[in-house]
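**Student:** Could you look at this predicted model? Sequence included:
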Amino acid sequence: MSTGTKVTLLFVVNRLSITLYVLIALLNIASFVIAVYIAYKTWRVSRIIKDSALELVSLGYIILSIGLILSFTAATLSAINLLSSTTTIPCPHYHEGWHTYSKWGYHEPPPWSGYRSYWSWSTIMFTGIVYPIAYLLIFIGLRKEYLSVTSIEQVPGKEEGVASVLLSPIYLYGLIGESASIALLFLTIYYVLKSDSSSWIGYFALMISHVLRLVAILSDNPWIFLLGEIARPLGLIIIMLGLVKKP
Amino acid sequence: MRSGARYKTRYRSQAGIVYDILETLYEEGVSLPTRLMYGARIPYDRLKELLAKLEESGLIEKEEIEGKTYYKLTKKGYEALEELRRVRKLLEHIGIRF
């Protein structure tokens, strides 16, 4: 591949990255608003009927909204950084040509490998800890909400190399966080389905998002990670669209 | 009532049961605990706990009529029911079954 082709390719990759980051930022800010709305409404009801389980669900959505705003901030910063780095610069290491600098450069390992420190990516990977905490609270809240009732109903007659990558704490946090998120969302979906509720699709989209993020980390593919970033806010948007369709 | 349904173990949310109690009181005006038991589909001992909790929250109040204890909604109870009606769909969409 000639140097000119490489530069053109990197320019296209740069522009595609910006588009994806802008899309992620927009989806995350939209789902942040939805999460805050859900948190506010559930909190209000929990205070009125003194329901501690609902309080936990509400707290879970508050933490989820914190994660979403962090994702929004990171995506916005990444897009701004990419926009301001459109000039061609030499590679940081030996290379015969020049190319457009990108946040996960043509030759660099993915951002979570710890090869180079990016503030925006540290933020986006930090959400890998925030999300499982949110899902844990939502799951415990839902379980508590139904548990107390289950006992009632059960009354008779009633119804860069592997080594460096593995040593990177961001990588490890990401791996543990994504696995925890998937497991917790799986349990939540199981529990919601068990309670005959049909509202599992939103949680399923959230789970798909974290499956994509985990696959991305395991396969060192930032593009799959970005797809995961798009899928997560879609989960909350699906919940909201369901409400709009069925007034 | 569908036959067989009484023996099925079902999972219902606490918010859903509170909603049923408040809705029954709204329809009946004043209700005996036994009527509320059928309205909310819960056993008497658990109903008593919930009624005490709702009374403590100021959503319902007792009224003695001919030596029997009836329950009725308070102003705060009406407002709570209105709020629950408004957010019911939202709560169902996040997995809280009514």
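**Tutor:** Thanks, I have it.

**Student:** From here on, just use CA atoms for contacts and neighbour counts.
**Tutor:** Will do.

**Student:** Please give the element, helix or strand, for A:S209.
**Tutor:** Assessed by DSSP states H and E, A:S209 sits inside helix A:201-219.

**Student:** Could you find the closest non-adjacent residue to the residue nearest the centre of chain B?
**Tutor:** Ranked by distance to the mean C-alpha position of chain B (C-alpha atoms, centre = their mean), the top residue is B:I21 at 1.3 Å. The spatial neighbour of B:I21 that comes closest, neighbours along the chain excluded (C-alpha to C-alpha, 6 or more residues apart in numbering or on different chains), is B:A40 at 5.5 Å.

**Student:** tell me the contacts of the one you found?
**Tutor:** For B:A40, the contact set (C-alpha atoms under 8 Å, 6 or more residues apart in numbering or on different chains) comprises B:I17, B:V18, B:D20, B:I21, B:T24.

**Student:** Who wins on neighbours among those?
**Tutor:** Neighbours here mean other C-alpha atoms under 10 Å in any protein chain shown. Within those, the largest count is held by B:I21, at 28 neighbours.

**Student:** In this structure it contacts B:L36, no?
**Tutor:** Yes. With contact defined as C-alpha atoms under 8 Å, B:I21 counts as touching B:L36 (6.1 Å).

**Student:** Give me the average confidence score over the longest helix belonging to chain B.
**Tutor:** Longest helix in chain B, counting residues (DSSP state H): helix B:75-93. For helix B:75-93, the mean per-residue pLDDT is 92.

**Student:** which residues of chain A score low on pLDDT?
**Tutor:** A:1-10, A:85-121, A:147-172, A:196-198, A:243-247 (pLDDT under 70).

**Student:** try 50
**Tutor:** Within chain A, the ranges that satisfy pLDDT under 50 run A:86-107, A:150-167, A:247.

**Student:** the longest helix in it is where?
**Tutor:** As assigned by DSSP H, the longest helix anywhere in chain A is helix A:3-48.

**Student:** Just list what the helix or strand following that one packs against, helices and strands only.
**Tutor:** Later in the chain than helix A:3-48, the nearest helix or strand by DSSP H and E is helix A:52-83. Helices and strands touching helix A:52-83, by 3 or more C-alpha pairs under 8 Å, 6 or more residues apart in numbering or on different chains; DSSP states H and E, are helix A:3-48, helix A:119-153.

**Student:** Which neighbouring elements make contact with the last one?
**Tutor:** What that stands for is helix A:119-153. Counting by 3+ C-alpha pairs under 8 Å, 6+ apart, helix A:119-153 packs on helix A:52-83, helix A:169-194, helix B:14-28.

**Student:** Packing partners of the last one?
**Tutor:** In terms of contacts (3+ C-alpha pairs under 8 Å, 6+ apart), helix B:14-28 is packed against helix A:119-153, helix B:33-40, strand B:68-73, helix B:75-93.

**Student:** and it, what's its mean pLDDT?
**Tutor:** 93.

**Student:** what are the pairing partners of the helix or strand that that helix is followed by, and which direction each?
**Tutor:** Using DSSP H and E, the helix or strand that directly follows helix B:14-28 along the chain is strand B:30-31. Sheet pairing of strand B:30-31 (DSSP bridges) gives strand B:68-73 (antiparallel).

**Student:** What residues does chain B have near chain A?
**Tutor:** B:5-15, B:18, B:41-43, B:46, B:54, B:57, B:80, B:83-84, B:87, B:89-97 (C-alpha under 8 Å from any C-alpha of the partner chain).

**Student:** Alright, I will stop here.
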